[in-house]
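Participant: Coordinates for the following, if possible.
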Amino acid sequence: MTKIRMAQYSTKHGHAVSWIVSMTNNPNVELAGVYEPDPARRQEVIEHDPAFRHVHWFETAEEMLNDPTIVAITSEGLNAESLDYTEAIIKAGKHVIYDKPAGDNWPQWQRVVKLAEEKNLVIQMGYMFRYHRGFQQVAQWAKSGLLGDIFSVRAHMSTWIPPIRQGIGYNTRDTISKHVGGIFYDLGGHMLDQVTWILGRPNKVTAFLRNDTGIVPEFMDNTLGVFEFDKAIAFIDIAAMEARPMARRFEVYGTKGSAIIMEPFEPARVLRLVLEEAGGGYDKGLHLIEIPEQGRQETHDLALEAFIATITGQQAPDRPLAHELLVQETLLRATGGVVD
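Facilitator: Take a look at the predicted model:
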């Protein structure tokens, strides 16, 4: 196939380098270049990150956005910046991989999605666990009915992040404190992407957003979201000060069985499946199923492959735009950006 010319808007998101590596290594992509609005940041990544040393740097956003040969752009600004960047990309008629979450401005995000629909453009959110073999398998079991009626989902996705910048990253308590919800705003969408894919839109959302370390008082560092559905409850807890390596875990419980991604997510090694009766090629009882180890970069590579297949018409989007709206709405319901 003819190579797809892609570019990247900004470098400050925590996943920015992963997309550069994926685009550079994908044989069906030609990386046209990167635009970084902050000159100091541009110099910083050139000096400290080998992935950025040999890319072409656009001098203005217009140089990139107005290039008719560029088909798609990854939106990799800070969370406070990237919704504006994504809107500019869509207005320019480009497909976009938009790294999570989808901003604080709910009306603006709705406007961007509507414009993408009108222009027949793809927006693929950067929730990379969609392309994680363990999450894909658990979702398939849950949605197929193998586990019966789902009544509970539990997700634990805590992390450890520093108060202020240490190195060239922006994943700090100080940076994220600008968003209501703190660490839940930053990471909760990953788990909500999975929860809403399995259960749909919650009827009621309750969140507990606390600062328990006092290190950055305005940053919510110990959080829990409770999501109520007709016949199910989902619990997502995320903190910012868990000892490393983190014990991340995802659990789905149904009336006929349960499926758990054993910690850690990355690299996940074992799925725990329990069935009340035989089904799906498995006998009744407990199964510990080994899965091939899959690191973060491979997950991004698979996400990019799916994006290319979608924009070239080889497949439908793995998540429709209605789902991308639902994930962000649910996140903002938890953090106060959308009031029920």
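
Participant: For this protein, give me the ranges with low pLDDT.
Facilitator: By pLDDT under 70, the chain contains no weakly predicted segment.

Participant: Can you pull up the most central residue in it?
Facilitator: The residue lying closest to the centre of the chain (CA atoms, centre = their mean) is Tyr127, at 2.1 Å.

Participant: So that residue versus Phe135, what's the distance?
Facilitator: For Tyr127, the distance to Phe135 (CB to CB, to the nearest Å) stands at 10 Å. For every residue, glycine as well, the C-beta is placed using N, CA and C.

Participant: go on, Ala247?
Facilitator: Note on Ala247: its distance to Phe135, by CB to CB, is 17 Å.

Participant: quick one: Ala155 and Gln194 touch, right?
Facilitator: Yes: with contact defined as CB atoms under 8 Å, Ala155 counts as touching Gln194 (7.1 Å).

Participant: How are the helices of this protein distributed by residue range?
Facilitator: Using DSSP state H, the helices of the chain run over 16-25, 39-48, 61-65, 82-91, 106-119, 133-144, 173-176, 183-199, 296-311, 321-335.

Participant: Lys91 - nearest residue in space that isn't next to it in sequence?
Facilitator: Leu115 (7.0 Å; CB to CB, 6 or more residues apart in numbering).

Participant: Please list all residues in contact with that neighbour.
Facilitator: Each residue near Leu115 by CB atoms under 8 Å, 6 or more residues apart in numbering is listed here: 87, 90-91, 121.

Participant: Most neighbours of all those residues, which one?
Facilitator: Ile90 (26 neighbours; other CB atoms under 10 Å).

Participant: Surely that one touches Ile123?
Facilitator: Yes: at 7.3 Å, Ile90 and Ile123 qualify as touching, with contact defined as CB under 8 Å.

Participant: who touches both of the two?
Facilitator: Common neighbours of Ile90 and Ile123, using CB under 8 Å, 6+ apart, are 96, 112, 116.

Participant: Can you give me every residue that contacts the last one?
Facilitator: What it means is Ala116. Neighbouring residues of Ala116 by CB under 8 Å, 6+ apart: 90, 96, 122-123, 321.

Participant: which of the residues you listed has the most neighbours?
Facilitator: Ranked by the number of neighbours (other CB under 10 Å), the contacts of Ala116 place Val96 first, at 28 neighbours.
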